[in-house]
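here is my input; please provide its structure:
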Amino acid sequence: MAEDVVIRAEGLGKKYVIGHAAERERYVALRDVLARVASSFWRKIAGMARGRVVAGDTVEAFWALKDVSFEVKRGQVLGIIGRNGAGKSTLLKILSRVTEPSEGRVTISGRVASLLEVGTGFHPELTGRENIYLNGAILGMTRVEIRRKFDEIVAFAEVEKFLDTPVKRYSSGMYVRLAFAVAAHLEPEILIVDEVLAVGDTAFQKKCLGKISQVAGGGRTVLFVSHNMGAIQTLCGGAVVLEHGRMAYRGNAEDAVTFYLRESDLQAEVADSENWFRTGTQSARILSLRLEDETGSPQILFRMGEPLIVVLRIHFSIETKNPIFGVNIMTDTGIQVADCRSSHFNFQVGSVVGVVTCQMRIDAVTLYPRTYVVEPWVTDAACFLVFDWVHNAATFLVTSGPKFLSGASVNANHGISFIPTSWKFPSLDGVASPCSIDANESADD
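Sure, this is the predicted structure:
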């Protein structure tokens, strides 16, 4: 129904004018600068006032957004994803009334709380306590409303010791904790959150994502920008993909993430690159890494329950006896999920030299939906000396919909590794149950 629409964007566009100064002579004396300023100051002011371009300079129109239209209904959590420079932050600034669109219009029904940058709306000379009241007032809250939520805000932000310290002395993490706490606790009808959560540590990010989920569960509308595809899938019912300022895709969160990753620079096969950060003696060197699905096709998207295969090509410059091959899997926040190594299975390849191809297979991915990082390595079995370790070599995404869950809803908030379990209820309240439920058996239903 039309009355359920709280945000309506129609043909939004934002144009910026970029000035390019003509090339000047390389060495200029101070007297030349003073003479030039004195002779051209008023001419430039007059020309700019009339909208003219100053002689010798050029301007270029840059559209950060162009022809963006969408609607958001009350209680919906909409993810906004795209590469850096795609126009995400510009869109949020328009929706937050920070800047006006160059064309099109946006209609918003409800009180908006925005968290666009660290410390937005904070006065550096005021204390944390004073800024809570100031920021709350900016968001349209009465003093009574702020006082009622004050203790919850302070507890969430974990800045009680520094509450009466000027926020200019806060670290960036303290800034963002307090800013997010104010925005999320003062009960806006619409909450707009940019990628500022990346400033916090892992525990704080999890706390914030939980709060956003709670806000959304309360029937309020959330617009959420993030490069964390797992968080987008977990929190958002739908998502918009922006490319070069235009809306390239809109659909449910999982399909939008799939579209974005397929169009992005993420690659299932990566070769030795100067961008790789390595450690080790380099007696052996990892040449390439390839992520494959069960058919042997390159893949970066894996559904829970599907197999994942990592293929490594490694060059041994000296003959090495029974080296240990390994693949570390990390979350995109740096938490180690698994240290997979050939020595766990007493795998011995014998003496190797030259180029060797190694394949590691995971029969069924039991990781919850989010983005994961792969770090391959190889060591000497005798002294555990690291030959080569490529950090952040490749990335893959796990999506929901495991075959063994019969369509059950799972997300990143449920943990990191999914553990298949069996559930039976032989009796309920002392009365024999008419049926038993086995999670593994239900997969064939």
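
could you chop this protein up by domain?
The chain breaks down into these domains under automatic domain parsing: 12-62, 67-263, 269-399.

which one of the ones you listed is the most hemmed in?
Among the domains of the chain, ranked by average contacts under mean count of other C-beta atoms under 10 Å, first place goes to domain 67-263 (a mean of 19). Where you see a C-beta, it was placed from the backbone N, CA and C, and this is true even at glycine.

for Ser436, give me the pLDDT.
Per-residue pLDDT puts Ser436 at 43.

ok, Val431 next?
Turning to Val431, the model gives it a pLDDT of 53.

where does this protein dip in pLDDT?
Scanning the chain for pLDDT under 70 picks out the ranges 1-3, 19-59, 117-121, 196-202, 264-267, 272-274, 401-409, 411, 413, 428-445.

contacts for stretch 226-237, please.
76-79, 81, 195, 197-198, 209, 212-213, 216, 222, 224, 239, 252-254, 256-257, 260-261, 332, 368-371, 397-400, 411-413 (C-beta atoms under 8 Å, 6 or more residues apart in numbering).

switch to 7 Å and redo it
76-79, 81, 195, 209, 212-213, 216, 224, 239, 252-254, 257, 261, 332, 369-371, 397, 399-400, 411-413 (C-beta atoms under 7 Å, 6 or more residues apart in numbering).

what do you get for stretch 282-295?
Counting by C-beta under 7 Å, 6+ apart, 268-272, 298-300, 306-318, 320, 323, 374, 376, 378, 387-388, 390, 393-394, 396 sit against stretch 282-295.

what about the strands in the stretch 251-400 of the chain?
Secondary structure of the stretch 251-400 of the chain (DSSP state E, counting those that start in this stretch): strands at 269-271, 277-279, 284-292, 301-303, 308-321, 324-331, 336-341, 351-362, 370-379, 386-391, 394-399.

columns distance to Ser114 on top of those, output as CSV?
Shown next, in CSV, are the strands of the stretch 251-400 of the chain (distance: least, C-beta to C-beta, whole Å):
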stretch, distance to Ser114
strand 269-271, 37
strand 277-279, 36
strand 284-292, 37
strand 301-303, 32
strand 308-321, 39
strand 324-331, 28
strand 336-341, 34
strand 351-362, 41
strand 370-379, 25
strand 386-391, 35
strand 394-399, 28
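
rewinding a little: which stretch among the domains of the chain comes nearest Phe418?
In terms of C-beta to C-beta, the element of those nearest to Phe418 is domain 269-399, at 4.5 Å.

now do the end-to-end distance for the closest one.
Between the opening and closing residues of domain 269-399 there is a gap of 20 Å (C-alpha to C-alpha, to the nearest Å).

again, but for stretch 134-146
10 Å.

next one: the closest residue to Asn328 other than its chain neighbours from Val182, what distance?
Nearest non-adjacent residue to Asn328, counting by C-beta to C-beta, 6 or more residues apart in numbering: Glu375, 4.2 Å away. Here the criterion is C-beta to C-beta, to the nearest Å. By it, Glu375 lies 38 Å from Val182.

try Leu242
27 Å.

then Glu160?
Glu160 is 15 Å from Val182, by C-beta to C-beta.

try Ala271
47 Å.

now do Ala248
Distance from Ala248 to Val182, by C-beta to C-beta: 33 Å.

before we move on, what about Thr395?
For Thr395, the distance to Val182 - C-beta to C-beta - is 33 Å.

same deal with Val72?
Relative to Val182, and taking C-beta to C-beta, Val72 is found at 23 Å.

what are the phi and psi angles of Met174?
In this entry, Met174 is assigned phi and psi values of phi -70, psi -40 (degrees, to the nearest 10).

quick one: contacts for the closest residue to it other than its chain neighbours?
Once flanking residues are discounted, Met174 sits nearest to Val159: 5.5 Å by C-beta to C-beta, 6+ apart. Val159 makes contact with Gly128, Met174, Arg177, Leu178 under the criterion C-beta under 7 Å, 6+ apart.

tell me what the helix or strand hosting the third one is packed against?
In this case it means Arg177. Assigned by DSSP states H and E, Arg177 falls within helix 172-185. With contacts defined as 3 or more C-beta pairs under 7 Å, 6 or more residues apart in numbering; DSSP states H and E, helix 172-185 has these neighbours: strand 112-115, helix 128-138, helix 143-157, helix 202-217.

pull the CA atoms of that helix into CSV?
Taking C-alpha atoms only, helix 172-185 is exported to CSV below (Å, rounded to 0.1, in the frame of the first residue of the first chain):
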residue,chain,number,x,y,z
SER,A,172,38.0,6.9,16.5
GLY,A,173,36.6,3.7,18.1
MET,A,174,35.1,5.6,21.0
TYR,A,175,33.7,8.2,18.7
VAL,A,176,31.9,5.7,16.6
ARG,A,177,30.6,3.7,19.6
LEU,A,178,29.0,6.8,21.1
ALA,A,179,27.7,8.1,17.7
PHE,A,180,26.1,4.8,16.9
ALA,A,181,24.7,4.3,20.4
VAL,A,182,22.9,7.7,20.2
ALA,A,183,21.6,7.2,16.7
ALA,A,184,20.3,3.6,17.4
HIS,A,185,18.8,4.2,20.9
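
quick check: what element follows that helix along the chain?
strand 190-193.

what comes into contact with that next one?
6-7, 92, 95-96, 108, 110-115, 183-184, 212, 215, 220-225.

nearest residue to Phe387 other than its sequence neighbours?
Nearest one to Phe387, counting by C-beta to C-beta, 6+ apart, is Ala284 at 3.8 Å.

which residues does the one you found bridge with?
Taking DSSP bridges, one obtains Phe316 as the residues bridged to Ala284.

returning to what we had before: can you lay out the domains of the chain as CSV showing distance to Pro426?
Below are those laid out as CSV (distance: least, C-beta to C-beta, whole Å):
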stretch, distance to Pro426
domain 12-62, 59
domain 67-263, 34
domain 269-399, 27
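
who wins for proximity to Pro420 among those?
Short answer: domain 269-399, nearest of these by C-beta to C-beta, at 7.2 Å.

residue contacts, the nearest residue to Leu178 once chain neighbours are set aside?
Once flanking residues are discounted, Leu178 sits nearest to Ala157: 4.4 Å by C-beta to C-beta, 6+ apart. Contacts for Ala157 (C-beta under 7 Å, 6+ apart) come out as Arg177, Leu178, Ala181.

narrow the contacts of stretch 226-237 to those in helices?
With DSSP state H as the criterion, helices contain Leu209, Ile212, Ser213, Ala216, Ala253, Glu254, Val257, Leu261 from among these.

what sits against Leu385?
Thr281, Thr379.
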